[in-house]
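I'd like to go over a predicted model; first the sequence, then the structure.
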Amino acid sequence: QVQLVESGGGLVQAGGSLRLSCVASGSIFRINAMGWYRQAPGKQRELVAGISSGGNTNYADSVKGRFTISRDNAKNMVYLQMNSLKAEDTAVYYCNADIQGRDRWSPSIAYWGQGTQVTVSS
């Protein structure tokens with residue numbers, strides 16, 4: 001069984017910063033791509049940032065230049081540094097990871113964290 005647990009959300013004023021963390025635990029052979037998604041009330045879940053196992057990154061246009069995704073493969077962790085936060089960044093942020101559980105022949109399965117609330121006051 002694999003679990004993803006996020007932390008670091010909270011309430012911050014516009015222009016402020018937050019750092020989200022996510023740790024994967026359980027039966028893990030390899031973690032492939034990891035990413036952060038968010039879902040605001042009444043909206044669909046959207047990709048915020050992604051990072052490959054090799055460190056290649058991609059970002060939603062709305063966060064480019066403000067957010068930075070990184071990972072620590074030794075700790076099975078992924079981070080999202082969020083700077084210059086705006087009210088429109090308010091959402092529940094979810095960690096996602098594609099994980100092979102047992103060995104190299106295991107399928108890569110997408111796992112999700114439970115989400116962490118980020119609220120930006122204007």
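That came through, no problem. Numbering: from 1, shown residues only.

Next, name the residue at the spatial heart of the protein.
W36 (2.6 Å; C-alpha atoms, centre = their mean).

which other residues reach the helix or strand hosting that one?
W36 belongs to strand 30-39 when assigned by DSSP states H and E. Contact with strand 30-39 is made by 20, 22, 24, 45-53, 69, 71, 73, 76, 78, 80, 89, 91-100, 104, 108, 115, 118, as judged by C-beta atoms under 8 Å, 6 or more residues apart in numbering. The way it works is simple: take the backbone N, C-alpha and C, and place the C-beta from them, glycine included.

Pull out the buried residues from these.
20, 22, 24, 48-51, 69, 71, 76, 78, 80, 89, 91-100, 115, 118 (16 or more other C-beta atoms under 10 Å).

sorry, back to before: narrow the contacts of strand 30-39 to those in helices?
Among the contacts of strand 30-39, no member falls in helices (criterion: DSSP state H).

Looking at the residues you listed, which are in strands?
Judged by DSSP state E, the contacts of strand 30-39 include 20, 22, 24, 46-51, 69, 71, 78, 80, 91-100, 108, 118 as members of strands.
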